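K.L.:
return atomic coordinates for the entry below.
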Amino acid sequence: MAYSEKVMDHFTNPRNVGEIKEPSGVGEVGNPRCGDIMRMYIKVKDDVITDVTFKTFGCGAAIATSSMATELIKGKTINDALKLTNKAVMEALDGLPSVKVHCSVLAEQAIKAAIADYYKRQGMDPTSIVGKLTECEECACGLHE
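P.N.:
This is a model prediction of the structure:
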């Protein structure tokens, strides 16, 4: 299984690692059975994600996709962050092996979960804005038998 230089860079030098004190929203996705758990923290001011960090328990691809996803939404509006797809994360990393595509799906879902949590903390139902968060029993990828 070959990884791109960008995947290796984001795995060995992950960006935005850690927790945010008093976050605006926190999203956690994954499943211990598949081995990947992602937690994203966002800070929102005036509808802009001013800071985003992550803590991921998982493989190198899970760490790399978490890192890249945070880079792609930092400084963006919530609406722009909600448009981030797992495909965009994979493209930004110059691809992933097919067996690791689920990691990019987890990164997309972790961001959406953090934004959903932000709206819940505002007393709003996030479903109409964020949509329904999808997770298969294994890890949200839909690839498992």
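K.L.:
enumerate every residue touching Ala69.
P.N.:
When contacts are counted by CB atoms under 8 Å, 6 or more residues apart in numbering, Ala69 touches 40, 54, 84, 89, 107-108, 110-111. C-beta: built from backbone N, CA, C; applies to glycine.
K.L.:
repeat that for Met38.
P.N.:
By CB under 8 Å, 6+ apart, the contact set of Met38 is 28-30, 54-56, 58, 62, 66, 106-107, 110.
K.L.:
so which of the residues you listed is the most crowded?
P.N.:
Highest neighbour count within these: Ala107, with 35 neighbours (other CB atoms under 10 Å).
K.L.:
from Glu22, how far out is it?
P.N.:
Applying CB to CB, to the nearest Å, the value for Ala107 to Glu22 is 23 Å.
K.L.:
what does Asn13 give?
P.N.:
Distance, Asn13 to Glu22, using CB to CB: 27 Å.
K.L.:
which pair of the contacts of Ala69 spans the longest distance?
P.N.:
Using CB to CB, these reach their maximum pairwise distance at Phe54 and Leu84, which is 13.6 Å.
K.L.:
show me where this structure dips below the pLDDT cut-off.
P.N.:
Along the chain, segments meeting pLDDT under 70 span 32, 34, 134-145.
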